[in-house]
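Undergrad: return atomic coordinates for the entry below.
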Amino acid sequence: MKEKLTKKDVEKIEQEIEHRKLVIRKEAIEAVKEARAQGDLSENFEYYAAKKHKNQNESRIRYLENMLKTATIISDSSKEDEVGMDDVVEVYFEEEDEVETYKLVTSIRGNSMENRISIESPIGKALKGHKVGDRVEVKVNDQYSYFLEIRSICKTGSEDEEIRGF
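TA: Numbers count the residues shown, from 1 in each chain. So this is what the prediction gives:
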């Protein structure tokens, strides 16, 4: 899947790759060496745990490097009065008569449990570019959609949100 990343996302990924290569990789290799030196590998739990940790680190590095190779870089700027990347938006759900607050982020930082929604999600697509007071239609699929009203927009900027795992 081709990810859409901001320049800040790319910087964060590059920092994680560098840390994993320069710090975690060295620690993991050393842990494998130490465990191997303990003797019989057939019943050496520390050895298998160290190897697993080393392999997980290498997998994460490959995953992040591949993400960077295939990503599309998008702008995180928006007009001051429009919903854009990293904005916190308060919306009114007409059907449920409820108000919710969401932050629009790229898909790699999305986390619905923390109300961080992707700009690629149905709600994210519907909100992006609209203004306070706008009534927008959220198309879930060809058979179902619902309406939201944008109550407020807070320009917060990018924060240190974790990049999702694989």
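Undergrad: on the three-state scheme, N141 is what?
TA: Under the three-state scheme (DSSP: H, G, I helix; E, B strand; the rest coil), N141 adopts coil.
Undergrad: what about it, distance to M85?
TA: Counting by C-beta to C-beta, to the nearest Å, the separation of N141 from M85 is 25 Å. For glycine as for every other residue, the C-beta is placed from the backbone atoms N, C-alpha and C.
Undergrad: got it, and T106?
TA: Where M85 is concerned, T106 sits at a distance of 7 Å (C-beta to C-beta).
Undergrad: those two: which is more packed in?
TA: T106 (25 against 22; other C-beta atoms under 10 Å).
Undergrad: quick one: pLDDT of the more buried one?
TA: You'll see T106 listed with a pLDDT of 88.
Undergrad: and it, backbone torsions?
TA: phi -70, psi 160 (degrees, to the nearest 10).
Undergrad: next: E137.
TA: phi -100, psi 130.
Undergrad: relative to E149, how far out is it?
TA: Going from E137 to E149 by C-beta to C-beta gives 11 Å.
Undergrad: so which of these two has more stuff around it?
TA: For E137 versus E149, the count of surrounding residues by other C-beta under 10 Å is larger for E149: 16 against 10.
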